[in-house]
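**Q** Fold the following for me, if possible:
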Amino acid sequence: MNLRLDWCSHDAATYAVKHWHYSRSMPAGKIVKIGAWEDSFIGCVMFSRGSNRYIGTPYGLDQTQVCELARVALTSHAATVTRIVSISLKMLKRQSPDLRLIVSYADPREGHIGAIYQAGNWIFHCLSSGDDKRNHPFKAPNGKIVHWRTMAGICRRYGKPESNESAQSLGYELLEFIPKYKYLYPLDAAMRAEIAPLAKPYPKRVLGGTGETDNAAHSHAQTGGASPTVPLLNHGS
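**A** Presented below is the predicted three-dimensional model:
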């Protein structure tokens, strides 16, 4: 097995997400896409700026210093997920040296607790907050889960106001807000020291829980948080 990571095309990243990620959807906005190969293409790790312009505020950072790990979309592979993510983080840091912190989320709605983040020594900070319309997902008529930013675009496409009522009139079911597990990965020693006091014990998997990859090889990575800094735009979509 010869693992290789390199920048990949938007088409390759889209293929990985459509086939190997539970969301089946690309992150919104500009994306940094790092492909992974063994004997052949095995998937993609994606970073994006996300929809929260204040993502760095709790840590005293601006948008050029923080981004989000948006997708880890892998088919069966020999290397561990942690190794693949670790290499992608090093590539990202070299490409954007002012970047200091990565944020990612694990979605309990999908049965995820953040196993790959725990294996990679990320810091578990808290449950996400903000029980407002931007955090409520919707279930599409075909059963797909759609988040608010995507739903707002669908409403605009049909000439409707961006509202829960418009979404429901189009046949989308409003789902309950469930907080996500929020993980942090500092990219320098000073940042790690600064956020270390925020660390909380890792969430534990519910007995019988399913749906999330572990750190093992030969698994499918069904995870991803969800965003690039100014220097990252050189490789954006």
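
**Q** In the sheet, which strands lie alongside the lowest-mean-pLDDT helix or strand in the chain, parallel or antiparallel?
**A** Every helix and strand in the chain was compared by mean pLDDT, DSSP states H and E; the lowest is strand 145-146, with a mean of 82. Using DSSP bridges, the strands paired with strand 145-146 are strand 138-139 (antiparallel).

**Q** mind checking how far the strand it pairs with is from the chain centre?
**A** 19 Å (CA atoms, centre = their mean, to the nearest Å).

**Q** Could you list the low-confidence segments of the chain?
**A** Within the chain, the segments meeting pLDDT under 70 span 1, 50-51, 129-135, 206-237.

**Q** What's the first helix or strand after the least confident helix or strand of the chain?
**A** Next along the chain after strand 145-146, taking DSSP states H and E as the criterion, comes helix 148-157.

**Q** same for that following helix, what does it pack against?
**A** helix 164-169 (3 or more CB pairs under 8 Å, 6 or more residues apart in numbering; DSSP states H and E). The way it works is simple: take the backbone N, C-alpha and C, and place the C-beta from them, glycine included.

**Q** Would you mind writing the CA trace of the helix it packs on as CSV?
**A** Below are the C-alpha coordinates for helix 164-169, written out as CSV (Å, rounded to 0.1, in the frame of the first residue of the first chain):
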residue,chain,number,x,y,z
ASN,A,164,-39.7,27.2,7.6
GLU,A,165,-43.2,27.7,6.2
SER,A,166,-41.9,28.0,2.6
ALA,A,167,-39.8,24.8,3.1
GLN,A,168,-42.8,23.0,4.4
SER,A,169,-45.0,24.2,1.5
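
**Q** quick one: buried residues of it?
**A** 166-167 (16 or more other CB atoms under 10 Å).

**Q** The helix or strand following it pairs with which strands, parallel or anti?
**A** Next in sequence after helix 164-169, counting helices and strands by DSSP H and E, comes strand 173-174. Partner strands for strand 173-174, per DSSP bridges, with pairing direction: strand 138-139 (antiparallel).

**Q** Give me the residues contacting the partner strand.
**A** 145-148, 151, 167, 172-175 (CB atoms under 8 Å, 6 or more residues apart in numbering).

**Q** Make TSV out of these and add distance to residue 159.
**A** What follows is the contacts of strand 138-139, written out as TSV (distance: CB to CB, whole Å):
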residue	distance to residue 159
145	24
146	18
147	21
148	18
151	15
167	14
172	16
173	21
174	20
175	24
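
**Q** Buried ones only from these, please, as a ChimeraX command.
**A** Command for ChimeraX that selects the buried part of those, burial taken from 16+ other CB under 10 Å:
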select :145,146,147,148,151,167,172
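
**Q** Show me the strands in this protein, by range?
**A** Ranges of strands in the chain, per DSSP state E, are 4-7, 31-37, 41-48, 66-74, 101-106, 123-127, 138-139, 145-146, 173-174, 181-186.

**Q** and the last one, what other elements does it pack with?
**A** Counting contacts by 3+ CB pairs under 8 Å, 6+ apart, strand 181-186 is packed against strand 101-106, strand 123-127, helix 189-195.
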